[in-house]
Each structure stands twice: as C-alpha cells, then as structure tokens.
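Q: My questions concern the predicted model and sequence given below.
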Amino acid sequence: MKMPKHTIDATNKILGRLAVEIANLLRGKNKPSFVPYLDKGDEVVVVNTDKIKVTGRKMKQKIYYHHSGYPGGIKATRLEEAMKKNSCQVVRKAVYGMLPKNKLRDKIIKKLKLYKGEKI
C-alpha cells in the first residue's frame with residue numbers, strides 16, 4: 001500500500017503553527033487508526049520554506065545553540081542568519097522538536113521533504 005502524500009505551501013504561514021500541522025500529519029494523528037507506538041503517518045512535502053513568517057521579534061531574538069563537545073565549544077546562531085543560510089533546516093528543526101523523543105523520531109522525520117522554492 002502506497003502512502004498518501006500531503007503537499008503544504010509554507011508561504012505566509014507562521015513557523016510554529018506550520019510545524020504542528022506537519023508533525024501531526026507525519027505521526028498519523030489525523031487517522032482513526034492512530035496508535036502512539038506505531039509509525040502510521042504519511043509523507044509530507046513542504047514548498048516555499050523561505051517564505052515562512054514568525055511573529056514578534058523572533059527573527060532577531062531567537063537563538064539556536066549547538067555544542068561541539070569541547071570546552072568552550074558552544075555556538076549560537078540567530079533565526080535571521082539560519083533562515084538566510086538554509087530555511088529548510090529551520091523548519092526541519094521545529095518539526096523534529098515536536099516529534100516524540102523515542103526510536104520512532106528518526107524514522108518519522110525521514111518522511112519529511114522540504115524545498116525552498118516551488119517544487120519542480
């Protein structure tokens with residue numbers, strides 16, 4: 001049985017609300033056969049990730065941190081810089097954080113396809 005594909009246009013959508021919608025489709029929470037311990041979600045394709053919006057002053061104030069594992073190895077990136085560099089990663093990170101923190105998370109996120117512009 002082939003998985004149905006959902007296509008979402010991210011133009012003028014708010015990042016967090018878009019991420020919730022995507023996470024629910026990926027997990028299959030919209031289906032009557034949903035169970036939390038199985039992966040019954042669909043594939044989701046998101047286009048125009050470079051045209052998402054955020055509210056308030058998040059573009060300047062929201063900071064993403066990551067650590068190299070070495071002393072003094074913490075790195076910080078503002079949302080504005082991350083959007084310029086790769087807007088697909090910003091959306092992926094938002095959705096990834098909304099998925100369950102268990103063995104299914106890495107399997108579920110593979111069904112998410114992101115594109116900066118219109119998909120060809």
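A: Okay, I see it.
Q: So, low pLDDT: which residues of the protein?
A: 1-4, 120 (pLDDT under 70).
Q: so how far is residue 52 from residue 27?
A: Distance of residue 27 to residue 52, given as CB to CB, to the nearest Å: 21 Å. The way it works is simple: take the backbone N, C-alpha and C, and place the C-beta from them, glycine included.
Q: Residue 90 now?
A: 8 Å.
Q: do the same with residue 109
A: Taken as CB to CB, the span from residue 109 to residue 52 is 18 Å.
Q: more crowded one of those two?
A: residue 52 (22 against 14; other CB atoms under 10 Å).
Q: related to what we said a few turns ago, any residues in contact with both of residue 90 and residue 52?
A: Jointly contacting residue 90 and residue 52 under the rule CB atoms under 8 Å, 6 or more residues apart in numbering are residue 15.
Q: buried ones in the strand or helix carrying residue 95?
A: Per DSSP states H and E: residue 95 is located in helix 79-98. Across helix 79-98, burial judged by 16 or more other CB atoms under 10 Å covers 79, 82-83, 87-88, 90-92, 94-96.
Q: Strands of this structure, residue ranges please.
A: 5-9, 43-47, 63-67, 74-78, 112-114 (DSSP state E).
Q: tell me the angle of the helix holding residue 95 relative to strand 63-67?
A: 70 degrees (axes from the mean of the first three to the mean of the last three CA atoms, to 10 degrees).
Q: helices or strands up against helix 79-98?
A: Here helix 79-98 touches helix 15-27, helix 58-61, strand 63-67, helix 104-109, strand 112-114, going by 3 or more CB pairs under 8 Å, 6 or more residues apart in numbering; DSSP states H and E.
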